[in-house]
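Visitor: Quick check, what structure comes out for this input:
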Amino acid sequence: INPGDVIGWKVEDVSFEVRAATVRNSVDSSTTVRVCSRAGPIDIDSDDNNEEGDGKDTEWRDVFHYPYGEEGGLINFCPDDGKTGYITSSLGRETTALLKVDMMTGETIEEIYCNEKANVGGITLQRDTKELRAVTYNYARTERVFYDDELEKDYEFLKSTAPDSEMEIGVASRSLDEMKWVVAYSSSSGPTSYVVYDKLKQTVSPLFVSNPKLLPYKFAPMEVVSIPARDGLELVGYLTRAVEKGGPPTPLILLVHGGPWARDYRGFNPQAQWFANRGYATLQVNFRGSTGYGKTFLHKGDKQWGVGDMQHDLTDSVEWAIREGIADKDNICIKGGSYGGYACLAGLTFTPDLYKCGVDIVGPSNIKTLLDSIPDYWAPLRNGMLLKIGDVDGDEEFNKKISPLYHVDKIKAPLLIGQGANDPRVKQSEADQVAFSMTEKGIPVEYVLYPDEGHGFARPENRIDFNGRVEHFLAKHLGGRAEEFAEVEGATARFPLLEKEGNQAEEA
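Guide: Numbering: from 1, shown residues only. Next up, the predicted model:
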């Protein structure tokens, strides 16, 4: 039973029983890995797990502790009754390292791998012995470090048979004897191809393509770019052009990822391809505060929302694209969902001359009301959010400083808002308050509400409907191509601003 602070569980593969819990301290936002000494019926919140009659000798211990600001966690147990295991940890280093540890004492047995620019990513272990076979990290794209010569040869063979040398290789599954694999070849300029790799015969046979309808079309490649922030910090970005490299500047869409404690990756991005087809370049940036680049990069984003360095990184990225001749300086749009929606609102309010228009999907407009209405399952994370965002609970002026709602009168560019009425994270009120405020001040805004959606749009009819509205909005303000808009059967779009006008007209 979860006592309320557990945010994850880990099962030990031999016994198939829960042997570890990841716990978040709601006061200091530290993280602890709590380990059970052996399997058996347990009560994680009990101080008396060794009483006669509980079935087995079980004891939970706080073994690994990560203070706020550190990163890491449990990867897996080794098949020695859980006495040893693998963890990641940034303690004593900048990025997370892979360690082999004593699961009872927490002592490090071996530091296996650490990359100075990026956190440890995926870990490949032998299914039964749990011997380490490979480690991945991703600074700009996925890279592997091998600890198994045979596995490295397999990947070399798969790379040599890939349709394109730029494709990334992923393993979807392996047979029990590992003689046959299902392998994914992913590209930034087309659908993913799946093949069967016969290890014994050293052959690769086509299996299927993730979306074969896309095969006849030509797509734009995604380029990895390095962008200097104003303080010299290097930012990794991904650029999808609307024209061949060296062509004239085009309108640009700055596509901001959510989280913000997440990141963008290189790969096929349907939105970027859609925009490129319509005549817009797309720039995605891993601004400070994004994950994967170590603890300092992550926490450089602390208390930097809206008017701070997180938003400055986005501004600097747009200005870089203008200097590089990629973007038409008079036709820039900022678009994003969740935190990306907030960044859109912040961009329009705090840098109103930079953007021609904005598209905000489920973005918060008032950070205090956002945190006051978060769902119960986020409760263990709330204090950590305050440490990263800033004390919007105790400092009203700080909240007003970073919340776009209080700066609506600065907005000059048209805004399109999309919101789900059932969003448990960013309530409908976050969209309502900014949309109605803009309308009262005579600032152009379009507001589309879907009563059967939550944090983003899941129903295909609603996604198609909103994308059609985005396309026409962009064409109107940036000048790109757009299909003729047609009502989508089954879409549930409502328009609160128009509904209010209609109600007022009836009352009059």
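
Visitor: Show me the strands in the stretch 301-450 of the chain, by range?
Guide: 327-337, 357-361, 415-420, 445-450 (DSSP state E, counting those that start in this stretch).

Visitor: Please look at residue 328 and residue 253 and confirm they touch.
Guide: No: counting by C-beta atoms under 8 Å, residue 328 stays clear of residue 253, with 11.5 Å between them. Yep, even glycine has a C-beta here, placed from its N, CA and C like the rest.

Visitor: Compare neighbour counts for those two and give me the winner.
Guide: Set residue 328 next to residue 253 and count neighbours by other C-beta atoms under 10 Å: residue 253 wins out with 32 against 19.

Visitor: can you state the direction angle for the one helix or strand that one maps to and strand 327-337?
Guide: Element membership for residue 253, per DSSP states H and E: strand 250-256. Between strand 250-256 and strand 327-337, the angle comes out at 30 degrees (axes from the mean of the first three to the mean of the last three C-alpha atoms, to 10 degrees).

Visitor: Pairing partners for strand 250-256, with directions?
Guide: Within its sheet, strand 250-256 is paired with strand 281-285 (parallel), strand 327-337 (parallel), according to DSSP bridges.

Visitor: mind checking how far residue 439 is from residue 362?
Guide: Counting by C-beta to C-beta, to the nearest Å, the gap between residue 439 and residue 362 amounts to 19 Å.

Visitor: okay, those two: which has more neighbours?
Guide: More crowded of residue 439 and residue 362, by other C-beta under 10 Å: residue 362, with 28 against 17.

Visitor: Show the contacting residues for the closest residue in space to residue 262 that isn't next to it in sequence.
Guide: Among residues not flanking residue 262 along the chain, residue 291 sits closest, at 5.9 Å (C-beta to C-beta, 6 or more residues apart in numbering). Shown in contact with residue 291 (C-beta atoms under 8 Å, 6 or more residues apart in numbering): 119, 259, 261-263, 298.

Visitor: Select, from these, the two members most distant in space.
Guide: 119 and 259 (15.0 Å; C-beta to C-beta).

Visitor: With neighbour numbers in mind, choose between these two.
Guide: residue 119 (25 against 14).

Visitor: Now the more buried one: closest residue in space that isn't a chain neighbour?
Guide: Closest residue to residue 119 apart from its sequence neighbours, by C-beta to C-beta, 6+ apart: residue 96 at 4.3 Å.

Visitor: Tell me if I'm right that the one you found and residue 89 touch.
Guide: Yes: contact criterion C-beta under 8 Å: residue 96 and residue 89 qualify, at 6.2 Å.

Visitor: hang on, the earlier thing: wait, what's in contact with the residue nearest to residue 119?
Guide: So residue 96 contacts 71-72, 88-90, 114, 119-120, 294 (C-beta under 8 Å, 6+ apart).

Visitor: before we move on, what about residue 129?
Guide: residue 79.

Visitor: Likewise for residue 143?
Guide: Here residue 143 is in contact with 136-137 (C-beta under 8 Å, 6+ apart).

Visitor: Okay, now the sheet partners of the helix or strand hosting it, with direction.
Guide: Secondary-structure assignment from DSSP H and E places residue 143 in strand 142-146. Here strand 142-146 is paired, per DSSP bridges, with strand 132-138 (antiparallel).

Visitor: and the partner strand, how far from the chain's centre?
Guide: 20 Å (C-alpha atoms, centre = their mean, to the nearest Å).

Visitor: mind exporting that strand as PDB, just the C-alpha atoms?
Guide: The C-alpha coordinates for strand 132-138 follow below in PDB (Å, rounded to 0.1, in the frame of the first residue of the first chain):
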ATOM      1  CA  LEU A 132      25.900  -5.100 -18.500                       C
ATOM      2  CA  ARG A 133      25.900  -5.100 -22.300                       C
ATOM      3  CA  ALA A 134      25.500  -1.500 -23.400                       C
ATOM      4  CA  VAL A 135      24.800   2.000 -22.100                       C
ATOM      5  CA  THR A 136      23.200   4.800 -24.200                       C
ATOM      6  CA  TYR A 137      23.400   8.600 -23.800                       C
ATOM      7  CA  ASN A 138      21.800  11.400 -25.800                       C
END
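
Visitor: now the residue nearest to residue 403 when sequence neighbours are not counted: how far from residue 224?
Guide: In space, and not counting its chain neighbours, residue 403 is closest to residue 366: 4.6 Å by C-beta to C-beta, 6+ apart. As judged by C-beta to C-beta, residue 366 and residue 224 stand 36 Å apart.

Visitor: Surely residue 73 is in a strand?
Guide: Yes: Residue 73: assigned to a strand according to DSSP: H, G, I helix; E, B strand; the rest coil.

Visitor: residue ranges for the helices of the stretch 101-250 of the chain, please.
Guide: 149-160 (DSSP state H, counting those that start in this stretch).
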